[in-house]
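Trainee: What follows is a predicted protein model with its sequence.
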Amino acid sequence: MTARLWGIVTDSFWKILAPGLVVTLPLTALSFALAMVIAVAVALIQFAQLPLLRPAARFYIWIIRGTPLLIQLFIIFYGLGQVGILLPPFTAAVAALAINEGAYCAETVRAALESVPAGQLEAGACAGLTWLQTARHIILPQAMRTAFPSLSNSLISMLKDTSLVANITVAEMFMAGQKIVSRTYEPLVIYLEVALVYLLFSTVLTKLQRAGERRLNVYDYR
Amino acid sequence: MLTVEQVEKSFRGTPVLRGVSLEVARGDVVAILGPSGAGKTTLLRCLALLERAEGGTLRLGDTLCHLPTASGREAVALRRRMGFVFQSYDLFRNKTALQNVTLGLTVARRMPRAQAEEIGLAMLDKVGLLDRRDAYPSQLSGGQQQRVAIAPQPEILYFDEPTSALDPELTGEVLGVMRRLAEEGRTMLVVTHELGFARNVANRVVFMEEGRVVEEAPAQTFFSHPREERSRAFLQQTLEEQGKES
C-alpha cells in the first residue's frame, strides 16, 4: 500500500466513524425502540384476537413485508411531502425504519407469545389477574425471552439497513464514505473501511446479545 | 359458603354436566369422586369461570353469579377469592416461589410489596418451603410446585387431582399439606382419585357419573354404606384397582 493510500485510509477513519457514532447508532437505537413498541402492540392485538384490530394488524404486516424498505423510505420522505407532510430527513428515516422493522418483529413476538403454554394464561386468571396483567407480568416476559435471539438478529440487520437512508439525504456513515470516494477516487479501500466500521458495530451488538442471553437464562425452564 | 346450582355444560353438543348442584359449608372438605369422564374437572373449571357454563349459578359468600352471563370483571373478582391447584402444576415459570405466591397480592390486589412478601413468606413457611423462596419452578420438584400452588390462602381452595401427575413418594407430601390445611379449617373442594384421602380427610363426598351427582353423603357414610348401586360399583372397582397398585 502506498503512503498516499495509507494517508487516505487513516484520514478517513474518523470521518467515517464519527457519523457512525452520532447518526447511525442513534438512528438504529431510536428506530428499533419504536419498532419494538409497534411489534409488541401488533403482536398482542393478534394474540388477544381483538375483533377489528386483528385484521388491521394483519393488513399492516402484509403491506410492509410485501414492499421494499427503500421504496417505503422514498414514499415517506419524498412522497408525503407532496401531500403537505414534510418530514426532516432524520425523522423520516426513523419513521420508515420503525414501521418496517415493526412488521417483521411483530411476527417474531407473536410466534413467541403463542409458544407460551396456555396453562400460563389460566394460571394468571386463577391468581386473580386480569388478561392485561397476565400478559404484562407472565406471558410477555416469557415470550420476550424466547424472542430475544431473533430480535437481536433483527437489530443487527437494521443497523446495516440504516445505510439506505443515505438516499434520503441523512448524513450517516455510508454517505460519509461516498463523499470521501468522490474526493479521492478510492472506492475499494474506502468502502471496505465503511464495511469494517459496520462490522465493528455489529460485533459489539453480538457481544451484547450473548450477555443478554446469559442474563435471561436465570430462570431456565426447559 | 359456596352454593352451586344446576350447572350445565356441553362440548360440541355432547352434554358433560347435566345440572350439577352442590354445597360447601365453611370449613368443609368436599371430595368429588367419580370415574373418568364424569365431568369432575369440567365442573371445577366452570366454577372457576375458566370454562363458560351454559346454565347454572354460583354463590360464594354473599356474591351471586349467573355463570353463563358473568362478565370478565365478575370472573376476576370471584377468582381472587378462590385458590386453584391443578393436575399439572401451573406456576408462573418466570417467577420465583415467593413471587408466585405474592403476585396475586401485589398485582391483582395492589398490596405494597413489603407487606405482600411478609404474607408470602408466612405462606411458604406453612407449606414447608421457606428455604426455597428464591427458586424458580424449574428448580422445584413436582411436589414442591404443588405445595407452592397450595400456599396462598383464599376463601376456598379448588383441587383438581393434585397428586395424579406425581410420583408416589411425592404424593404423600402434598396430601400431608392438604390434610394440615383441612385440620386448620380451610374450605376445600377436591377432585381426587385418592380414596384414602377422601375417606380420611374429607368430611363430605360428592359422587358424580355422566355429568350428574349420583350421591352426596358424609364421607364416613359414603364409604361404609353407599346408598346408590353405582356408588357401590365404583367403590368396589376403584378399591380393587388401587389394591393392585400397592
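Mentor: That came through fine.
Trainee: Tell me the secondary structure of residue B:169, please.
Mentor: helix (DSSP: H, G, I helix; E, B strand; the rest coil).
Trainee: what about the residue nearest to residue B:212 when sequence neighbours are not counted, how many neighbours?
Mentor: What sits nearest to residue B:212 in space, not counting adjacent residues and going by C-beta to C-beta, 6 or more residues apart in numbering or on different chains, is residue B:18, at 5.3 Å. Glycine gets a C-beta too; all of them are placed from N, C-alpha and C. The tally of other residues near residue B:18 (other C-beta atoms under 10 Å in any protein chain shown) stands at 16.
Trainee: give the contact list for residue B:18.
Mentor: B:8, B:210-212 (C-beta atoms under 8 Å, 6 or more residues apart in numbering or on different chains).
Trainee: How about the one helix or strand residue B:56 maps to and chain A, any contact?
Mentor: In the assignment (DSSP states H and E), residue B:56 maps to strand B:55-60. No: Strand B:55-60 is not in contact with chain A by C-beta under 8 Å from any C-beta of the partner chain; minimum separation 13.2 Å.
Trainee: Just the CA atoms of that strand, as CSV, please.
Mentor: Extracted C-alpha coordinates of strand B:55-60, given in CSV (Å, rounded to 0.1, in the frame of the first residue of the first chain):
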residue,chain,number,x,y,z
GLY,B,55,-76.5,-22.8,32.8
GLY,B,56,-76.3,-22.5,36.5
THR,B,57,-75.4,-20.2,39.3
LEU,B,58,-72.7,-19.9,41.8
ARG,B,59,-73.0,-18.2,45.2
LEU,B,60,-69.8,-17.5,47.1
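Trainee: Neighbouring strands of that strand in the sheet, and parallel or not?
Mentor: strand B:2-11 (antiparallel), strand B:63-66 (antiparallel) (DSSP bridges).
Trainee: Show me which positions of it end up buried.
Mentor: B:55-58, B:60 (16 or more other C-beta atoms under 10 Å in any protein chain shown).
Trainee: ok, now stretch B:126-140?
Mentor: Quick answer for stretch B:126-140 (16+ other C-beta under 10 Å): B:126-127, B:129, B:132-133, B:135-137, B:140.
Trainee: just stretch A:124-139 next, same as before
Mentor: Here stretch A:124-139 shows A:124-130, A:133-135, A:137-139 as buried, counting by 16+ other C-beta under 10 Å.
Trainee: Closest one of the residues you listed to residue A:6?
Mentor: residue A:139 (56.0 Å; C-beta to C-beta).
Trainee: Tell me who's in contact with the closest one.
Mentor: Here residue A:139 is in contact with A:47, A:113, A:116, A:120-121, A:124 (C-beta under 8 Å, 6+ apart).
Trainee: Chain B: strands as residue ranges?
Mentor: Using DSSP state E, the strands of chain B run over B:2-11, B:14-24, B:29-33, B:55-60, B:63-66, B:82-85, B:156-160, B:187-191, B:204-209, B:212-218.
Trainee: angle of the helix-or-strand element of chain A with minimal mean pLDDT against strand B:156-160?
Mentor: Each helix and strand of chain A was given a mean pLDDT (mean pLDDT, DSSP states H and E); the minimum falls on helix A:118-126 at a mean of 89. Helix A:118-126 runs at 160 degrees relative to strand B:156-160, counting by axes from the mean of the first three to the mean of the last three C-alpha atoms, to 10 degrees.
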